[in-house]
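In: no FASTA, just this:
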């Protein structure tokens, strides 16, 4: 089924697992002439897929010096730039698209090369918080071509899960069924329901029968992408219920102040969380834009004073081979392994259980999300595994929304129509379930050793953090 | 080649991977009638191996109530009790053997069931330090049948590696080639050479093409053994060069005071270390008896005052599937997975690089140990992988030494003839290498984030510990 017709040109920057995986969805659901699609990428990966679909393929990385002339020759008013790259500045591309009147979507606010790990930048300036503030600082009054930023699975799809989950919990806890109409309404609902904590709680169980080798980083999606964000400071939206800043927690001296960062790489910090099929587990506190945008979106203020905000962060258990890869990476002082392997055809089983855990309300904690298996993903779309399909269908849905709403300027996932997005994504997400749990991060704590816990409130970050 | 003839009875308690793996070595190198060998074990595992060698096999666990009458019927003066079990008290068996005049060897000072994780015991009482003090407290003056305790690979073999490594470094740094003749001599040599830190640095790279499943603990040796010690407090021999006790470090209020413990499970604490083929990596600070005995053995005192002692601890990188298993176990609050898999025939490759890293001397750091591959292990002895063979050959060597020295009472690995042990073990260890490195735990530190490090002395535990 075609969701929309698009007669402009489409330029896709980056053609890794997401670029390759989204292409069959675009061609299936958007009425577009493949000869109007151009891929610009930094390596040969995916050339066969581009050929399969009859797309122009340019293997020449965009640089800070040449991106403007090269892209300006390919994009004009009403054309579409889909940015699925690493190492190309999202801010630069958004500015260019606005200048050209082109539509834009990315899945991450990416800096130019080295931006995540530039030791000349302060940790505060290496955060997604800083990248987001810079991006939002581009906003101007008046109409502008739409740039939907950070709209993959997470960040992206999970912001829509949060809204659906909030509605479900509200209905189940006697807070009505009215769908809020604006940001203030959503924030007020979250406050009324009493959500203290929102985890993006993900457990990827995909496995292969080919063991990880020494010196090899194995993952179900972009290794450069994961390592880049894993080496950024851990970040989390900082809730109004939190009693004290962690010893290594820092506030920023600029911007919306919705989030804090920790003085350590996110991939070195684990947190306690829960998903329905896995139960309790330790995930990595990887920084993600949604941690900042969701907590910002759901903030209630009285004048300048914040009266309500949930703590919000990612709690990511990547596939087992990636857990081992992170352990190896940490052991090498965060110097990347010489080899990478993005698991795709060799995956023998497993699911990506990706959702949001809303906790601290009257019914304890509630997880809502997708439990997509690799088998179902493969049956639904070629060139995908379970992880990529959750991203690529959200990219597709975001593109459709952008085409339907072409003059909205820079927008975040939290600001767009969650029902339209979920409607488009739903057929590709496998089982989408909601589940309550009485699990808390205090379960089983302090049995063998005294622990630094706050028994008066399970949902303090102090309890969630793994020391 | 037979090292010795033994005409007594041999009772083997426990018949897991080590029991099964040591049997071909015993029958190959000790002249013993298999009909004089009895296996007592708590489950059916290994029954086929016992049958293969014509051994009596009794599948009925020893308990605190029945071990004395049952074993007394099978053991008398000059017979041998080989304890390779879990959940049978080593202290109880050593006392019984002394009463009976029987010889004894174990690879670990094991408590009765639950002793490692009995929440009614203080953390101090759940340590290997406490178990060792209890064991050494059994020593009496006068002749007694020999009980060689904790003589597997580690604890065990590594104490002999330490002596050889110390001699090698001494020779290479101008401290002569004289082999010390007693404990005081070894300790004085370690002090003269300037060894600040001794890691038992192990990297197991064995892999299989069968991925770990959810809810399954996978390891290359006893899962119960590993989980048991992993849930004990982290422990380390505490060196005289250490400037300050860690915030969660505790001294014991009894015993020799050579070691401290941390108020957390060893499997939750990682440390920086180095082996020749792996380079730098993070290992787990699992408690082991050698951390306490080696640091005690190498202590130099002036009267009551400790003037020299090295910090000594285990830094263990188990096989990758065990790293994942530990991560899962921690995520479940140290409640064991429902299933276990001891990798043996499915292993497709890898080595167990097991040795000692002596650091802080004039040439930096020196690793000495075994780099045994699974292929070589299989070629050398049936029913073994690389990990088990390093243990089983040390058990064999220890048994030979006990038979050669039958009236020495309770002895630790550090107290016996290292050259005799290494002579017996050597043919089964694969490449045994020594390698210097200029690696220190300060390499690459503090680049992206400030870290709590002491740049004035790389070999402070504060630098080695992963925060």
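Out: Arrived safely, thanks for sending. Just so we're clear, the structure is a prediction, and the values are computed from it rather than from any experiment.
In: Please count neighbours and contacts with C-alpha atoms only from this point.
Out: Noted.
In: My read is that residue A:391 contacts residue A:18, right?
Out: Yes - at 7.1 Å, residue A:391 and residue A:18 qualify as touching, with contact defined as CA atoms under 8 Å.
In: Near chain B, which residues of the stretch 101-250 of chain A are found?
Out: A:117-119, A:123, A:205, A:207-211, A:214 (CA under 8 Å from any CA of the partner chain).
In: which SSE is the residue in chain A sticking out farthest from the centre in?
Out: The centre of chain A is farthest from one residue, residue A:448, which by CA atoms, centre = their mean lies 36.6 Å away. In this assignment (DSSP states H and E), residue A:448 forms part of neither any helix nor any strand.
In: Could you do the one 4 residues further on as well?
Out: In this assignment (DSSP H and E), residue A:452 forms part of neither any helix nor any strand.
In: so how many other residues sit close to it?
Out: Neighbour count of residue A:452, defined by other CA atoms under 10 Å in any protein chain shown: 11.
In: mind checking how far it is from chain B?
Out: 11 Å (CA to the nearest CA, to the nearest Å).
In: before we move on, what about residue A:284?
Out: On the measure of CA to the nearest CA, residue A:284 and chain B end up 11 Å apart.
In: I'd assumed residue B:115 was in contact with the residue farthest from the centre of chain A.
Out: No - Residue A:448 is beyond contact range of residue B:115, at 11.8 Å (criterion: CA under 8 Å).
In: tell me the domain ranges of chain A?
Out: Domains of chain A are assigned by automatic domain parsing as A:4-148, A:157-386+A:429-464.
In: returning to what we had before: among the residues of the stretch 101-250 of chain A next to chain B, name the buried ones.
Out: Buried subset of those (neighbour count, 16 or more other CA atoms under 10 Å in any protein chain shown): A:117, A:123, A:205, A:207-208, A:210-211, A:214.
In: Just name whatever secondary elements the longest helix anywhere in chain A is in contact with.
Out: Selection of the longest helix in chain A by residue count, based on DSSP state H, yields helix A:386-404. Packing partners of helix A:386-404 (3 or more CA pairs under 8 Å, 6 or more residues apart in numbering or on different chains; DSSP states H and E): strand A:4-5, helix A:17-29, strand A:103-106, strand A:147-148, strand A:351-361, strand A:364-373, helix A:374-380, helix A:418-425.
In: go with 7 Å
Out: helix A:17-29, strand A:351-361, helix A:374-380, helix A:418-425 (3 or more CA pairs under 7 Å, 6 or more residues apart in numbering or on different chains; DSSP states H and E).
In: can you give me the helices for the stretch 101-250 of chain A?
Out: A:128-136, A:157-172, A:183-193, A:223-231 (DSSP state H, counting those that start in this stretch).
In: Can you redo those helices as a markdown table, where the extra columns are mean pLDDT and mean neighbour count?
Out: Shown next, in a markdown table, are those (pLDDT from 0 to 100; neighbours: other CA atoms under 10 Å in any protein chain shown):
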| stretch | mean pLDDT | mean neighbour count |
| --- | --- | --- |
| helix A:128-136 | 97 | 20 |
| helix A:157-172 | 98 | 22 |
| helix A:183-193 | 98 | 19 |
| helix A:223-231 | 95 | 20 |
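In: Out of these, flag the one nearest residue B:348.
Out: Judged by CA to CA, the one of the helices of the stretch 101-250 of chain A that comes nearest to residue B:348 is helix A:223-231, at 25.5 Å.
In: For the one residue in the stretch 1-150 of chain A that gets nearest to chain B, which non-adjacent residue is spatially closest?
Out: As assessed by CA to the nearest CA, chain B sits closest to residue A:119 within the stretch 1-150 of chain A, at 5.4 Å. Nearest residue to residue A:119 in three dimensions, chain neighbours excluded: residue B:448, at 5.4 Å (CA to CA, 6 or more residues apart in numbering or on different chains).
In: Report the separation between the one you found and residue A:265.
Out: Relative to residue A:265, residue B:448 is positioned 8 Å away (CA to CA, to the nearest Å).
In: With residue A:365 instead?
Out: Residue A:365 is 27 Å from residue A:265, where distance means CA to CA.
In: now do residue A:355
Out: Counting by CA to CA, the gap from residue A:355 to residue A:265 is 23 Å.
In: Between the two, tell me which one has more neighbours.
Out: Using other CA under 10 Å, the more surrounded residue of residue A:355 and residue A:265 is residue A:355, with 30 against 26.
In: Does that one touch residue A:200 like I think?
Out: Yes - counting by CA atoms under 7 Å, residue A:200 is a contact partner of residue A:355 at 5.8 Å.
In: Save the domains of chain A as a markdown table, and put in distance to residue B:334 too.
Out: Below are the domains of chain A laid out as a markdown table (distance: least, CA to CA, whole Å):
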| stretch | distance to residue B:334 |
| --- | --- |
| domain A:4-148 | 33 |
| domain A:157-386+A:429-464 | 9 |
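In: what about the ones you listed, which gets the closest to residue B:261?
Out: That would be, of these and by CA to CA, domain A:157-386+A:429-464, which comes in at 11.9 Å.
In: one step back: chain center to the longest helix of chain A, what's the gap?
Out: For helix A:386-404, the separation from the chain centroid amounts to 12 Å (computed by CA atoms, centre = their mean, to the nearest Å).
In: For it, the averaged confidence score.
Out: Taken as a whole, helix A:386-404 carries a mean pLDDT of 98.
In: Buried ones in that helix, by neighbour count?
Out: Here helix A:386-404 shows A:386-403 as buried, counting by 16+ other CA under 10 Å.
In: could you give the angle of it to helix A:17-29?
Out: For helix A:386-404 against helix A:17-29, the angle by axes from the mean of the first three to the mean of the last three CA atoms, to 10 degrees is 50 degrees.
In: List the pairing partners of the helix or strand following helix A:386-404 within its sheet, with orientation.
Out: Using DSSP H and E, the next helix or strand after helix A:386-404 towards the C-terminus is strand A:410-411. Strand A:410-411 pairs in its sheet with strand A:147-148 (parallel), by DSSP bridges.
In: Give me the distance from the partner strand to the chain's centre.
Out: The chain centre lies 15 Å from the centre of strand A:147-148; the measure is CA atoms, centre = their mean.
In: same question for it, mean pLDDT?
Out: Mean per-residue pLDDT for strand A:147-148: 98.
In: what comes into contact with it?
Out: With CA atoms under 7 Å, 6 or more residues apart in numbering or on different chains as the test, strand A:147-148 has contacts from A:94, A:103-106, A:402, A:409-412.
In: swap the cut-off to 8 Å and go again
Out: By CA atoms under 8 Å, 6 or more residues apart in numbering or on different chains, the surrounding residues in contact with strand A:147-148 are A:94, A:103-106, A:398, A:402, A:408-413.
In: Over to stretch A:22-39?
Out: A:1-15, A:50, A:53-58, A:381-382, A:389, A:392-393, A:395-396, A:400.
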